[in-house]
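Trainee: Turn this into a structure:
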Amino acid sequence: MSGPVFRVGTRGSQLAMTQSRWAAEAVSRAGGIDHELVTVRTEGDVLTGPLSQMGGTGVFATALRSQVLDGAVDLAVHSLKDLPTAAVTGLTIAALPQREDPRDALCARDGLTLDELPEGAAVGTGSPRRVAQLRALRPDLRIVDIRGNVGTRLNRVAPGDPGDLDAVVLAASGLKRLGLEGRITEYLDPHRMLPAPGQGALALEVSAELTADSGLATGLAAVDHLPTRLAVTAERSVLARLEAGCAAPVGTFARLVDGDLELDVVVANPDGSEVMRRTESAREPSVEAARALGQRVADDLLAHGADRLARLSL
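Mentor: Sure, this is the predicted structure:
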């Protein structure tokens, strides 16, 4: 291809670069337009400490969004689970490509599953949602807060130094995109451990003023995947109504089943001592119906004390 080129803003981690390259190539093929990647350093890449104490989801998105608003890049690629639910004036999520595996994955030593981990085993995760659900399933485990890229986390399970953990829990989608699914010892069934809202999905965000008849707009429209959009709309609607971010122990999973949109939600006490679950569905789903489904489930949870349970009001 030759001619116009669209610029794609991405974080510099191996996973972010891999995801952004995949998305950009898909849009390029569909729109008949070339692309180039532009690496953007975000606050989440610079700060240290628990993600839940650093401003949550926004620490990865703000810098990328600023680049789109300033015109430095034409498209930002986000992991949807890292994107705040509040809309930003001047921006629109133009495409949600088909979702990768949304499940959490256990990567343990010696090929162990969650049930096979020995009593008191050390399991690493930086997610309060995962912590709460792990503690509910296995109160005996020692949960260790960890950060770092996928390789750094996996290395902590490696035999010997620096392997100081028995297992880590990561998103299956990231491991698959990096070709590391061989390190997964168990895919955690959503019936046991619900993923984060939007986990496994990518959000392709552009200026709201993007010309509708441009090659970029054509490519974005072609890669947008309606079943994914319906599912993540319902999931993120729950999060928005609960006014919760990534620091909240909230898990969701929506999918189309025989034409209906089914939504599972869990809200947990951060220590795992109490868990609230809900399952509801919407017939003949549309984007608006998906949003309403998420709001309805969230309202029911709030009516039964979900904000107190998950400490959302603190």
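Trainee: Kindly provide the whole-number mean pLDDT of the helix or strand hosting Asp300.
Mentor: Using DSSP states H and E, Asp300 sits in helix 287-303. For helix 287-303, mean pLDDT rounds to 97.
Trainee: So which elements touch that helix?
Mentor: Judged by 3 or more CB pairs under 8 Å, 6 or more residues apart in numbering; DSSP states H and E, the packing partners of helix 287-303 are helix 226-242, strand 250-257, strand 260-268, strand 275-282. Placement of C-beta: from N, CA and C, glycine included.
Trainee: switch to 10 Å and redo it
Mentor: Contact partners of helix 287-303 among helices and strands, from 3 or more CB pairs under 10 Å, 6 or more residues apart in numbering; DSSP states H and E: helix 226-242, strand 250-257, strand 260-268, strand 275-282, helix 306-309.
Trainee: Let me have those in a markdown table, adding mean neighbour count as columns.
Mentor: A markdown table is the format used below for the helices and strands packed on helix 287-303 (neighbours: other CB atoms under 10 Å):
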| stretch | mean neighbour count |
| --- | --- |
| helix 226-242 | 23 |
| strand 250-257 | 22 |
| strand 260-268 | 23 |
| strand 275-282 | 16 |
| helix 306-309 | 18 |
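Trainee: Let me have the ones you listed in TSV, extended by distance to Pro84 and mean pLDDT.
Mentor: Shown next, in TSV, are these (distance: least, CB to CB, whole Å; pLDDT from 0 to 100):
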stretch	distance to Pro84	mean pLDDT
helix 226-242	9	97
strand 250-257	14	97
strand 260-268	19	97
strand 275-282	23	96
helix 306-309	19	89
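Trainee: okay, the helix holding Asp300 in PDB with CA atoms only?
Mentor: Extracted as PDB, the C-alpha positions of helix 287-303 are listed here (Å, rounded to 0.1, in the frame of the first residue of the first chain):
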ATOM      1  CA  VAL A 287     -26.200  -1.900  22.200                       C
ATOM      2  CA  GLU A 288     -28.900   0.000  24.200                       C
ATOM      3  CA  ALA A 289     -30.400  -3.200  25.600                       C
ATOM      4  CA  ALA A 290     -26.900  -4.300  26.600                       C
ATOM      5  CA  ARG A 291     -26.300  -1.100  28.400                       C
ATOM      6  CA  ALA A 292     -29.700  -1.400  30.200                       C
ATOM      7  CA  LEU A 293     -28.900  -5.000  31.200                       C
ATOM      8  CA  GLY A 294     -25.800  -3.900  32.900                       C
ATOM      9  CA  GLN A 295     -27.500  -1.000  34.700                       C
ATOM     10  CA  ARG A 296     -30.300  -3.300  35.800                       C
ATOM     11  CA  VAL A 297     -27.900  -5.800  37.400                       C
ATOM     12  CA  ALA A 298     -25.900  -3.100  39.000                       C
ATOM     13  CA  ASP A 299     -29.000  -1.500  40.500                       C
ATOM     14  CA  ASP A 300     -30.100  -4.800  42.000                       C
ATOM     15  CA  LEU A 301     -26.600  -5.300  43.500                       C
ATOM     16  CA  LEU A 302     -26.600  -1.800  45.000                       C
ATOM     17  CA  ALA A 303     -30.100  -2.400  46.400                       C
END
